[in-house]
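Participant: Please work out how this folds:
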Amino acid sequence: MRINENKYSKTEDTLLVWGFIIESSEHIASAEAGLLELRDKPDDREVLNRISFAFHAITRTADFLDFTEIGSLARSTEDLLDFAHKGRQVLGGENTSVVFKSIDILKKMLAALEESLEADKSKPA
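Facilitator: The predicted structure is shown next:
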């Protein structure tokens, strides 16, 4: 994933993107840990709320920074979690696998974004 070089050429914007990468990575770690907890306690609403919040935070910040692909994936995962939160679907089995797959893809997207920032940093001004 390449960032829009025109949009994120200023130092302040680059710092925002780095902050997004760091914060999103923390949210992903929290969601991942929560999913593991749900294996033992599938009805734990607090854990489900923590996982949902993680994806919600990623979605909102990605939208703000115009990272469409990241925001879209996080939003789709958030929607699945919302079904579980409202009792329309149990988060387990295949559904849990889908959320783990989303996490894996988000990690790759964030790594690509980080690589893009690093590559831009090494370019001559």
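Participant: tell me the phi and psi of Asp66?
Facilitator: Phi and psi for Asp66, reported as degrees, to the nearest 10, are phi 70, psi 40.
Participant: hmm, I was thinking of Lys41
Facilitator: Phi and psi for Lys41, reported as degrees, to the nearest 10, are phi -130, psi 70.
Participant: same deal with Lys86?
Facilitator: phi -90, psi 0.
Participant: pLDDT score for it?
Facilitator: Per-residue confidence (pLDDT) for Lys86: 84.
Participant: who's in contact with it?
Facilitator: Contacts for Lys86 were tallied using CB atoms under 8 Å, 6 or more residues apart in numbering; there are none. (Each C-beta comes from the backbone N, C-alpha and C, glycine too.)
Participant: Look up how far Glu78 lies from it.
Facilitator: 12 Å (CB to CB, to the nearest Å).
Participant: Which stretches in this structure count as helices?
Facilitator: 11-40, 45-65, 68-85, 94-122 (DSSP state H).
Participant: For those helices, give me JSON lines that also has mean neighbour count.
Facilitator: Below are the helices of the chain laid out as JSON lines (neighbours: other CB atoms under 10 Å):
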{"stretch": "helix 11-40", "mean neighbour count": "15"}
{"stretch": "helix 45-65", "mean neighbour count": "19"}
{"stretch": "helix 68-85", "mean neighbour count": "18"}
{"stretch": "helix 94-122", "mean neighbour count": "15"}
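Participant: Which residue comes closest to the residue nearest in space to the middle of the chain once chain neighbours are left out?
Facilitator: By CA atoms, centre = their mean, the chain has its centre lying nearest to Ile58, at 4.5 Å. Leaving aside its sequence neighbours, Ile58 sits nearest to Ala74 (CB to CB, 6 or more residues apart in numbering; 4.2 Å).
Participant: check contacts around Leu110.
Facilitator: Leu110 sits in contact with 21, 24-25, 28, 70, where contact means CB under 8 Å, 6+ apart.
Participant: what's the distance between it and Leu73?
Facilitator: 11 Å.
Participant: before we move on, the earlier item: surely the residue nearest to the centre of the chain meets Leu106?
Facilitator: Yes: if you go by CB atoms under 8 Å, Ile58 and Leu106 touch, sitting 7.0 Å apart.
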